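Novice: any chance you could fold what I've pasted below:
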Amino acid sequence: MLNGSPLNSGPLNSLPGGAAEPVYVVRGQSFVWALRVLVGGENLTAQLTGAVTIDREEAAAGIAGFDLFVAPGAPVVPPDWKGRSVTIDYITTSAGNTTEARRFTGQVSRADWNPVTRLLSCECSDQLQQRVEGMTVAAIDALVGGYWSADVFEPIEGRSHWDYALERLSTRPVSLDCAPTGELRVTSWYAGAPHFVFGEGTVAYQTLQLQQSDLSSTTNRIEIELSYRYDRLWQRNQHYTWLVPAGSFCDWRLDAHDLPTIDMVQSAVTGAGFAIVSESYVTAPLSAPDPCGTGSPWINNFDDLVIGTGITGGRRWVQTVTETYTLTLALPAGEVAATQVVQRQGATLQIESTAAVEWTDGDMAGVATAYQDEFDEARRAAVFDVVANQGVTELLAASRETVLSWQVPASMALGIDLIHTLELDCSGVRARGKCRRVVDTFDLASGSAMTAISIAIMRGGGTSDPLIMPARLGATPIDPGEGASIALPTQIGGRLEDPPYDETKLGFSGNWSGGGLGEQYPRRFDLEAPEIPDTVRDELPLTAATLFRVGVPNDLLEM
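Specialist: Numbers count the residues shown, from 1 in each chain. Below is the predicted model of the structure:
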């Protein structure tokens with residue numbers, strides 16, 4: 001009993017009718033103890049010899065070991081022992097009160113037989129990895145939580161479910177292990193209010209030990225370069241107009257010259273690298289007795305001679321946009337250059353778009369000047385959540401490498417589990433931390449039953465910033481828009497007073513009707529496409545940097 005109540009009378013972390021109060025461990029004068037070991041449901045306690053050990057640690061499978069003496073004449077088949085269920089209970093009596101607690105639940109993973117000593121040495125495990133491997137992905141998600149992205153990790157199909165669970169665990173400051181009774185559970189790394197308090201005289205003589213990591217492994221700053229690549233699909237249109245210099249068919253007829261055909265106009269547009277988005281034409285009428293009301297008949301058998309046109313050509317291209325975010329996660333010491341211990345990481349998200357492959361060959365008819373980004377905001381958010389939370393978890397892990405250990409009689413450690421926060425005030429040491437390891441050693445020969453306890457002490461200080469994903473850098477690009485309409489000129493030759501032919505002049509070139517003694521111009525229709533600005537054609541790199549402060553609790557440690 002502790003605090004006047006049996007240890008197994010209620011949940012260890014609660015008291016009836018209110019918040020949990022710590023259990024103050026009281027040293028006893030003497031304890032009588034015994035074990036109960038069941039293998040495959042059979043009580044084999046009487047066959048135990050030597051020492052029984054149980055070792056349970058955060059994020060690891062719990063293990064146990066014991067030797068069984070098999071009397072001569074009894075057959076032994078060691079492989080048949082593999083996989084048998086094992087439970088180990090500790091029973092203790094002090095001052096007339098008897099308490100028992102489950103210390104291990106698992107299976108025999110290996111049984112070695114010594115025919116000389118007739119000892120069967122059993123190594124046992126709670127099968128943490130194998131049990132998780134047998135779970136469905138949905139069950140792992142529900143148990144472990146955390147963040148996961150196929151853009152950071154490999155796809156889950158065909159892979160180890162244990163590895164998948166570890167990937168999710170890497171994004172949370174928690175540990176996955178088994179309870180002494182066998183249940184899988186996830187436990188936070190943060191220490192809370194103490195569940196058990198060890199005062200003066202409760203620690204075995206000269207068993208207090210403090211272990212620390214060296215400076216090089218105490219990371220306090222993580223710099224993550226997150227690259228986000230996607231395609232920007234552009235369509236830019238250009239409108240052109242052309243009209244006979246006379247302004248209309250009837251005025252043109254008074255002093256006629258060559259006219260372009262619809263095919264010439266269309267060929268000029270497509271020859272400049274455009275696809276036709278829209279087009280309209282005013283053509284010379286077919287033969288009519290008096291089309292202009294002047295009494296003069298008009299003879300024409302061609303329906304594609306252009307008097308005026310308005311035509312729009314469009315071009316499409318794909319621009320690659322790379323948004324690079326430098327995410328810095330820093331403890332207080334990581335913000336000072338002189339004390340930084342830096343770790344650098346990187347992640348890349350590339351959006352593969354089928355629309356980008358088909359974009360340049362798609363139909364542009366009736367489509368206005370515009371762009372569209374082939375991005376996936378949900379995937380960007382998932383990658384950020386993974387890498388940012390992984391970074392925070394790594395910093396917290398580096399901040400709890402200080403481990404304080406001590407030993408107590410096993411009867412004084414009943415109920416203590418890896419889920420508990422423990423406080424120590426003994427031999428000039430005051431400390432509080434989350435329980436990290438519990439090792440039981442029961443020596444049947446000497447009668448010693450000791451439990452070694454280790455707590456992780458987290459220290460660092462500071463405050464934490466919320467992990468808010470930076471806004472997309474390419475969300476508001478500079479769109480040059482559609483260029484102003486271009487009116488194409490005309491040059492007509494064949495008369496002596498006409499200027500020399502200018503081959504560089506765009507628009508329509510032809511000759512006056514009826515011939516002449518001047519230079520004959522070639523009949524053509526040309527236009528050029530305006531140059532596309534480099535800013536919307538070349539790969540666009542965008543960069544930003546964000547600092548996230550990571551605060552760490554300062555667990556009690558005074559020596």
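Novice: so how far is the longest strand seen in the chain from its chain's centroid?
Specialist: The residue-count maximum for a strand in the chain (DSSP state E) belongs to strand 306-330. Distance, stretch centre to chain centre, for strand 306-330: 28 Å (C-alpha atoms, centre = their mean, to the nearest Å).
Novice: what are the buried residues along the next helix or strand after it?
Specialist: Per DSSP states H and E, the first helix or strand lying C-terminal to strand 306-330 is strand 342-350. For strand 342-350, burial by neighbour count (16 or more other C-beta atoms under 10 Å) applies to 343, 347, 349. (Each C-beta comes from the backbone N, C-alpha and C, glycine too.)
Novice: closest to Ile88 among these?
Specialist: Closest approach to Ile88 among those (C-beta to C-beta): Gln343, at 40.8 Å.
Novice: so which other helices or strands are in contact with the helix or strand hosting Tyr228?
Specialist: Element membership for Tyr228, per DSSP H and E: strand 221-243. Using 3 or more C-beta pairs under 8 Å, 6 or more residues apart in numbering; DSSP states H and E, the elements in contact with strand 221-243 are strand 306-330, strand 342-350, helix 354-359, strand 370-374, helix 377-398, strand 486-487, helix 534-537.
Novice: and with 6 Å instead?
Specialist: Secondary-structure packing of strand 221-243 (3 or more C-beta pairs under 6 Å, 6 or more residues apart in numbering; DSSP states H and E): strand 306-330, strand 342-350, strand 370-374, helix 377-398.
Novice: all helices of the stretch 101-250 of the chain, in order?
Specialist: 128-133, 137-144, 161-169, 249-254 (DSSP state H, counting those that start in this stretch).
Novice: average model confidence for the longest one?
Specialist: Right, helix 161-169. Per-residue pLDDT values over helix 161-169 give a mean of 98.
Novice: what's in contact with it?
Specialist: 129, 132-133, 140, 144, 146, 148, 153, 156, 176 (C-beta atoms under 6 Å, 6 or more residues apart in numbering).
Novice: buried residues in that helix?
Specialist: For helix 161-169, burial by neighbour count (16+ other C-beta under 10 Å) applies to 161-162, 164-169.
Novice: next one: stretch 458-467
Specialist: By 16+ other C-beta under 10 Å, the buried positions in stretch 458-467 come out as 458-460, 462, 467.
Novice: got it, and stretch 295-302?
Specialist: By neighbour count on 16+ other C-beta under 10 Å, the buried set for stretch 295-302 is Trp298.
Novice: so what touches it?
Specialist: Here stretch 295-302 makes contact (C-beta under 6 Å, 6+ apart) with 284, 286-289, 291.
Novice: give me the low-pLDDT residue ranges for the stretch 1-150 of the chain?
Specialist: Applying pLDDT under 70 to the stretch 1-150 of the chain flags residues 1-19, 28.
Novice: which residues in it form strands?
Specialist: 23-25, 32-39, 42-43, 48-57, 63-69, 85-94, 97-114, 119-125 (DSSP state E, counting those that start in this stretch).
Novice: what's the closest of these to Asn511?
Specialist: strand 48-57 (96.7 Å).
Novice: contacts only, for Asp55.
Specialist: Asp55 sits next to 63, 439 when contact means C-beta under 6 Å, 6+ apart.
Novice: next: the one 3 residues further on.
Specialist: If a contact means C-beta under 6 Å, 6+ apart, then Glu58 has 175, 418, 436 as its contacts.
Novice: now do Thr309
Specialist: Contact analysis of Thr309 by C-beta under 6 Å, 6+ apart lists 242, 265, 281.
Novice: now do the domain split for the protein, please.
Specialist: 7-14+22-126, 233-317+480-537 (automatic domain parsing).
Novice: between the strands of the stretch 1-150 of the chain, which gets nearest to Ser446?
Specialist: With C-beta to C-beta as the measure, strand 48-57 is the member of the strands of the stretch 1-150 of the chain nearest Ser446 (8.8 Å).
Novice: let's have the strands of the stretch 1-150 of the chain in CSV, adding distance to Glu225.
Specialist: Converted to CSV, the strands of the stretch 1-150 of the chain look like this (distance: least, C-beta to C-beta, whole Å):
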stretch, distance to Glu225
strand 23-25, 48
strand 32-39, 54
strand 42-43, 59
strand 48-57, 34
strand 63-69, 40
strand 85-94, 49
strand 97-114, 43
strand 119-125, 40
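Novice: of the ones you listed, which is nearest Pro489?
Specialist: Among the strands of the stretch 1-150 of the chain, strand 48-57 comes nearest to Pro489, with 85.7 Å by C-beta to C-beta.
Novice: tell me which strands that closest one pairs with, and in which orientation.
Specialist: Paired neighbours of strand 48-57 in the sheet (DSSP bridges): strand 63-69 (antiparallel), strand 429-443 (antiparallel).
Novice: now the ones you listed as TSV including distance to Ala246 and mean neighbour count?
Specialist: Below are the strands paired with strand 48-57 laid out as TSV (distance: least, C-beta to C-beta, whole Å; neighbours: other C-beta atoms under 10 Å):
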stretch	distance to Ala246	mean neighbour count
strand 63-69	101	20
strand 429-443	93	20
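Novice: please compute how far stretch 247-254 lies from its chain's middle.
Specialist: 70 Å.
Novice: tell me which residues in that stretch are buried?
Specialist: So, applying 16+ other C-beta under 10 Å, buried residues of stretch 247-254: 249, 252-253.
Novice: which of the helices or strands spans Glu423?
Specialist: If you go by DSSP H and E, Glu423 is part of strand 421-426.
Novice: please work out the average pLDDT along that strand.
Specialist: Averaging the model's pLDDT scores along strand 421-426 yields 97.
Novice: parallel or antiparallel, which strands does it pair with?
Specialist: Here strand 421-426 has these sheet partners by DSSP bridges: strand 196-198 (parallel), strand 429-443 (antiparallel).
Novice: any chance of those strands in CSV, plus distance to Leu68 and mean pLDDT?
Specialist: As requested, these are exported to CSV (distance: least, C-beta to C-beta, whole Å; pLDDT from 0 to 100):
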stretch, distance to Leu68, mean pLDDT
strand 196-198, 33, 97
strand 429-443, 14, 98
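Novice: pretty sure Phe508 contacts Thr490?
Specialist: Yes - judged on C-beta atoms under 6 Å, Phe508 makes contact with Thr490 at a distance of 4.9 Å.
Novice: neighbour count for those two, which is higher?
Specialist: Taking other C-beta atoms under 10 Å, Phe508 and Thr490 do not tie; Phe508 has more neighbours (29 against 18).
Novice: residue contacts, the more buried one?
Specialist: Counted by C-beta under 6 Å, 6+ apart, Phe508 has contacts 260, 490, 525.
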